[in-house]
Structure formats: C-alpha cells, structure tokens
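Chemist: the sequence and its predicted three-dimensional model are supplied below.
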Amino acid sequence: MRVAVLGLGEAGRIYAADLAERGSAVTATDPVATAAPAGVTLAAGIPEAVRGADVVLSLVGGGAAASALDAALPELGPDTVYADMNTVSPSEKRRLAERAAERDIPFVDVAVLAPVPRARIETPLALSGTGAAGLQSFLEGMRVSTTVVGADAGDAAGLKLLRSVFMKGLAALIFESVTAARTIGAEDWVIDQIASELGPSGHALVQRLLDGTPVHAVRREAEMRDALAFLEALGAAHPMTDGTIEWLHALAERRDEGAGARPSGARSDP
C-alpha cells in the first residue's frame, strides 16, 4: 500500500515512521523538513508526495488543511482515499469534503482521540465521510483502532470537539487546584487526590496535562474556540468552555512573556 503523509510535525513523523515499519511504502513532505524518518521517502512537495498514492494522510495543522488539499487534488484519482487528520471545525471538514467530492475523491474526516506520542500509530481514531470504510480497512490491517462514527465529514470532528470540552476543561481545573494547593504546601497531596479519582492511569494523565498544556496553549485555545462555535450551533450552554478559553489565552500570553505557566513544584515523576 502506497501512503503519502503531508506534514512531518510530531504526529506526522510518527505516522510516517510507523506505517513504513509496518510494511507500507511511505512518501512524506513538509516545507521545512530536511529529512524523513527511516524507511520514508521525502518528496519535494505535496504534488510529488501524493502522486500514485492509495491513501493520503494530511497532518499539516488546521490552518493549512485547505491549502494542502488544494495542492493534492490535481494529482489524485477516485481510487485514492484522502484523510484529513487535522483538528478543525465540523463546518470546515464539510467544506473540505465538498472540494474533494467535486473531483470524486473519497474523503475522510479523521479525529485523533488521544496524544499521538503516547500510543503512536495505535492511537484510537474516529472516522466519518465517504472514504471512511476504505480507510478503516487499511488502518485495521496496520493494527490501528478505528471507529466509523458517521456517514458525513464533520461528524468525527464534532465528537472530538465535545471530547475537548471535557479534556481541556479538566486541565483547567487541575491547574487551578494545584496552583492553589502550592500556596499552602499541599500540591503533592492534591495531585494524589485528583489522580486517585481518574483511575489506574490517573497520575500519568495529570502529569501530561500539567506538562503539555502550557506548551500547546495556543493550539488548544484555537481548538476550544472551534468547540465554542460548535456548542453555540447546537444551542448548548457553554460557561465552562468560556472559562477554559480565557484561561488558555492567559496561559499562552504568560508563555510568550517568558513567565512560565506550569505550577511550580508539580512533580515530573508521579
């Protein structure tokens, strides 16, 4: 199976490397990459990467999702499945799917349901859209956990945003609790209490949120603004999402100013 991976950021490099290791012929491209993972061919650009591919995985980031699709479409045929794995709004996924449909290209809205570095290629995925069944067949052959959640592009993206309402809100609550506990020397106790409520992997989850949220605050704020728009479209209340957006925005500003944002003293080895 010939696979093109668009984008060699953290997630793109993992998917490219793991697919190659599991037997796929992988070509990848990224405008700033000078090297590809072992076993992966680096292409000069998107047209060269996708030419002749059976599956295209777009991992370019939400802001570049549309331009990546536009660059790929002239080189694709109706037997190529185009999978957009970027975090964008359901309405944007539908717009991308419409562009693909104009050229009879099967399109898949892919929602990545956990941080990719944790489980790498075996990270669970939710799929929707005209190409979902075809992509699921290929990925399950690669031992990737997938669930088809709807017939239309945007269905998977909407579910991911609802999940994000909880996960990013949880991060805000953890930071608020741990920061307050630090003032009275009780942060380890509070972290233990939170972790015990989250199950056997609670400590690892708390640590990932404490470590990762400041680093990715800008991207997560953008994701939560998409979640807010989705909640408003559903007519759902969103006071917690409003607060999470405000907190992420402040976190990003503090990071830009070099002040640091992670609760000092939070442990690196829970």
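Modeler: Structure received. Please read these numbers as outputs of a predicted model, since none were measured by experiment.

Chemist: what's the closest non-adjacent residue to residue 161?
Modeler: Among residues not flanking residue 161 along the chain, residue 227 sits closest, at 4.2 Å (C-beta to C-beta, 6 or more residues apart in numbering). No exception for glycine: its C-beta is placed from N, CA and C like everyone else's.

Chemist: distance check, the one you found against residue 242.
Modeler: The spacing between residue 227 and residue 242, counted by C-beta to C-beta, to the nearest Å, is 11 Å.

Chemist: counting neighbours, what do you get for residue 201?
Modeler: Other residues lying near residue 201 total 10 when counted by other C-beta atoms under 10 Å.

Chemist: for residue 171, what are its contacts?
Modeler: 209, 213, 244 (C-beta atoms under 8 Å, 6 or more residues apart in numbering).

Chemist: and residue 116, by the same measure?
Modeler: Contacts of residue 116 by C-beta under 8 Å, 6+ apart are 10, 11, 14, 15, 123.

Chemist: how does it look with 6 Å?
Modeler: Residues in contact with residue 116 (C-beta atoms under 6 Å, 6 or more residues apart in numbering) are 11, 14, 123.

Chemist: pLDDT weak spots in this protein?
Modeler: 258-270 (pLDDT under 70).

Chemist: the helices in it, which residues?
Modeler: 10-21, 46-50, 65-72, 90-101, 116-119, 132-141, 155-182, 187-197, 202-215, 217-234, 239-256 (DSSP state H).

Chemist: redo these as CSV? Include distance to residue 78.
Modeler: What follows is those, written out as CSV (distance: least, C-beta to C-beta, whole Å):
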stretch, distance to residue 78
helix 10-21, 22
helix 46-50, 14
helix 65-72, 14
helix 90-101, 10
helix 116-119, 29
helix 132-141, 11
helix 155-182, 22
helix 187-197, 50
helix 202-215, 39
helix 217-234, 30
helix 239-256, 40
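
Chemist: what's the closest of the ones you listed to residue 57?
Modeler: Smallest distance to residue 57 across those (C-beta to C-beta): 5.9 Å, for helix 10-21.

Chemist: taking helix 132-141 as reference, get the angle to that closest one.
Modeler: 70 degrees (axes from the mean of the first three to the mean of the last three C-alpha atoms, to 10 degrees).

Chemist: name the residues that touch helix 10-21?
Modeler: Helix 10-21 has contacts (C-beta under 6 Å, 6+ apart) with 3, 5, 26, 28, 37, 39, 40, 57, 59, 116, 120, 121.

Chemist: PyMOL command to pick out the buried ones of the residues you listed?
Modeler: Buried members of the contacts of helix 10-21, defined by 16 or more other C-beta atoms under 10 Å, are picked up in PyMOL with:
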select buried, resi 3+5+26+28+37+39+40+57+59+116+121
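
Chemist: alright, calling it a day.
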